[in-house]
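In: Prediction below, plus the sequence it came from.
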Amino acid sequence: MGVSFVRTIIVFLLLVVSLRIMGKRQLGELEPIELVVAILISNLAAQPLQDIGTPLIYGIIPVLTLLSCQVLISGITVKYSRIRRMICGSPSILIDNGQIIQSEMRRNRISIDELYVELRSKEITDIATVKHAILETNGTLSVILYPDFSPVTPREIGIASDDVGSPVCVINDGRVMSDNLRLLGRDIKWLNKEISKRGASEPEDVYIMSVDGKGNIYFAVKDGST
């Protein structure tokens, strides 16, 4: 039992380090080669866990080898665009100037229903409003609307907008984020005063509280605290 526990911890830490080395992008967007590496690594890592008689090194070496190959190929594809196109493919234009490119739809085996699903996921219900739709190499659909249907920005209508900055969380599920509080130039006395104004007696009663650059506060108490 102890051996199995230790082997599991070692493999877990190895996979965490591997994902960190692969980079943040791989955590959310997998190119074809990255998907293959992820599947192979998961299978190779599972073998020494399932069979205690298999030396752990038999699982570690293949994982490190695949990781090295993936990092090497990623470096090559960044430097040489032609090799990247060969390995990862090229984006496909499914809609160009409002016209559905049927040959690209057939080549990528995408039906009209699937195209509508992707558009609805982006809150687009009318395909006539789409000027360009591009299927990226990681499988996501990038959509560009006609200018008449694009969201209006403050600049376009001549309204000045203030940059309030990114909100900073000062209470997270009842825990005071002291470093963030100091970043804002505030102290615990100010914090207690603000939560008291909003009907909470102490930080433990607060689910989340954040403050932006203009001092605007988002505040929510925990369920059952009021």
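Out: Looks like it arrived, so ask away. Numbers count the residues shown, from 1 in each chain.
In: what's across from A220 in the sheet?
Out: Beta-bridge partners recorded for A220 (DSSP bridges): I208.
In: residues in contact with it?
Out: Applying CB atoms under 8 Å, 6 or more residues apart in numbering, we find A220 in contact with 206-209. All C-beta spots, glycine's among them, are computed from the backbone N, C-alpha and C.
In: Now with 10 Å, please.
Out: Shown in contact with A220 (CB atoms under 10 Å, 6 or more residues apart in numbering): 171, 198, 200, 206-210.
In: Whichever of those end up buried, select them in PyMOL.
Out: Here is the PyMOL selection string for the buried members of the contacts of A220, based on 16 or more other CB atoms under 10 Å:
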select buried, resi 171+200+206+208+209+210
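In: Can you pick out the most distant pair from the contacts of A220?
Out: Pairwise distances among the contacts of A220 were taken by CB to CB; the largest, 14.6 Å, belongs to A200 and S210.
In: and this protein, what are its domains?
Out: When the chain is parsed with automatic domain parsing, its domains come out as 2-86, 92-149, 168-221.
In: average pLDDT for the longest one?
Out: Mean pLDDT, computed over domain 2-86, is 72.
In: Is the nearest residue to D187 once chain neighbours are set aside in a helix, a strand, or coil?
Out: Nearest non-adjacent residue to D187, counting by CB to CB, 6 or more residues apart in numbering: L181, 6.9 Å away. Classification of L181 using DSSP: H, G, I helix; E, B strand; the rest coil returns helix.
In: Contacts only, for L181.
Out: When contacts are counted by CB under 10 Å, 6+ apart, L181 touches 168-171, 187-188, 190-191, 211.
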